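Colleague: Sequence first, then the predicted structure, then my questions.
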Amino acid sequence: MKEYKNPWTYQGKIFDSEDIKDYVGFVYLITHIPTGRKYIGRKYLKQHRKPKGAKRRVTQESNWHFYYGSCKELQELVKLEGEENFKREILSLHKTEGRTNFEETRQLFLNNVLTEKLENGESAYFNNQILSRYFKKDYFDKE
């Protein structure tokens, strides 16, 4: 088991490299523990790249162990407050990139990430857009 801070969990158990098997990616939920704000995203477990000077592409494990999403606001908060203030959960595992992408989009809509509010009126999710087509600024009512 690879040691790293704040491991991902899946169904209440720590998820690690041995659990990847034939899965290609996962959909996840990151929660900022102090505020309850959340982020839903997807991550591929493997990457395909061509090493410098090589003729063929190789497949290797991605940086998923250390990943905190593509949201700059969330990444800055992790740096500022530390990884221990965040809970990282895998919601679902998928065997194709297409299924991973579909499930991420489905979860974004099911959880109303663009419109959901916390009790204090702040946005409940860090997500600012869905599919680069639907944007929080167009749907989030600040009143």
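Modeller: That came through fine.

Colleague: Name the residue closest to the centre of the protein, please.
Modeller: By CA atoms, centre = their mean, the mean C-alpha position of the chain lies nearest to G41, the distance being 3.5 Å.

Colleague: Now do the end-to-end distance for stretch 19-30.
Modeller: 20 Å (CA to CA, to the nearest Å).

Colleague: Touching, the residue nearest to the centre of the chain and E104? I think so.
Modeller: Yes. Look at G41 against E104 with CB atoms under 8 Å: they come within range, at 6.5 Å. Any C-beta I mention is one placed from the backbone N, CA and C, and that applies to glycine too.

Colleague: what's the helix or strand for the residue nearest to the centre of the chain?
Modeller: Using DSSP states H and E, G41 sits in strand 38-44.

Colleague: which residues do G41 and E104 both contact?
Modeller: Taking CB atoms under 8 Å, 6 or more residues apart in numbering as the contact rule, G41 and E104 both touch V27.

Colleague: quick one: T100 from H48, how far?
Modeller: Per CB to CB, to the nearest Å, T100 is found 15 Å from H48.

Colleague: coming back round to it: just checking, what packs against the strand holding G41?
Modeller: strand 25-32, helix 97-110 (3 or more CB pairs under 8 Å, 6 or more residues apart in numbering; DSSP states H and E).

Colleague: pLDDT weak spots in this protein?
Modeller: By pLDDT under 70, the low-scoring segments of the chain are 1-2, 143.
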